[in-house]
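Colleague: quick one, what's the 3D model for this:
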Amino acid sequence: MKGAELRRLFGELRQEMALIREELRDEFRGANAETRRYIDVVAESLHHDIQLVAEGVLNVDPKVDREAASIGVEVRRGFAETQAMLRFSHSILDRRVTAIENPLPE
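Modeller: Numbers count the residues shown, from 1 in each chain. This next block holds a predicted model:
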């Protein structure tokens with residue numbers, strides 16, 4: 001091969017490589033756009049799911065408040081009942097101790 005023929009072959013090789021490079025760029029741009037569309041679809045789906053979770057939280061919050069209020073009522077009622085039982089027990093014990101300390105005359 002002579003120098004002129006080698007230069008021509010290298011020139012053709014450069015042109016082929018430039019075409020391949022452009023084809024690859026076009027493919028990557030297409031893949032990039034396709035990937036971007038996919039990510040947009042996934043993001044939209046996630047946005048919808050997040051909205052559903054937020055609505056669920058908003059619905060649960062009042063339920064938790066009502067349940068907490070109900071538990072508070074039960075605790076106060078139980079506490080009042082316990083205090084009443086203690087007062088009653090104390091009253092009975094006080095009468096028994098008083099009876100022991102001050103026996104009835106025979």
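
Colleague: pLDDT below threshold where in this structure?
Modeller: Residue ranges of the chain with pLDDT under 70: 1, 106.

Colleague: hey, where'd the helices end up in it?
Modeller: 3-101 (DSSP state H).

Colleague: and the residue nearest the centre of it?
Modeller: residue 53 (8.0 Å; C-alpha atoms, centre = their mean).

Colleague: roughly how far does that one sit from residue 78?
Modeller: Going from residue 53 to residue 78 by C-beta to C-beta, to the nearest Å gives 36 Å. Backbone N, C-alpha and C define where each C-beta goes, glycine included.

Colleague: same question for residue 19.
Modeller: 85 Å.

Colleague: one more: residue 65?
Modeller: From residue 65 to residue 78 the distance is 20 Å (C-beta to C-beta).

Colleague: what do you get for residue 31?
Modeller: Distance from residue 31 to residue 78, by C-beta to C-beta: 67 Å.

Colleague: just residue 48 next, same as before
Modeller: In terms of C-beta to C-beta, residue 48 sits 45 Å off from residue 78.

Colleague: residue 102 too?
Modeller: 36 Å.

Colleague: what's the answer for residue 98, then?
Modeller: 30 Å.

Colleague: next one: residue 91
Modeller: Noted for residue 91: a distance of 20 Å to residue 78, by C-beta to C-beta.

Colleague: now do residue 29
Modeller: Counting by C-beta to C-beta, the gap from residue 29 to residue 78 is 71 Å.

Colleague: next: residue 84.
Modeller: 11 Å.

Colleague: just residue 46 next, same as before
Modeller: Distance from residue 46 to residue 78, by C-beta to C-beta: 46 Å.

Colleague: ok, now residue 71?
Modeller: Residue 71 is 10 Å from residue 78, where distance means C-beta to C-beta.

Colleague: same deal with residue 70?
Modeller: 13 Å.

Colleague: one more: residue 97?
Modeller: 28 Å.

Colleague: and if you look at residue 21?
Modeller: With distances taken as C-beta to C-beta, residue 21 is found 81 Å from residue 78.

Colleague: can you check residue 12 too?
Modeller: On the measure of C-beta to C-beta, residue 12 and residue 78 end up 95 Å apart.
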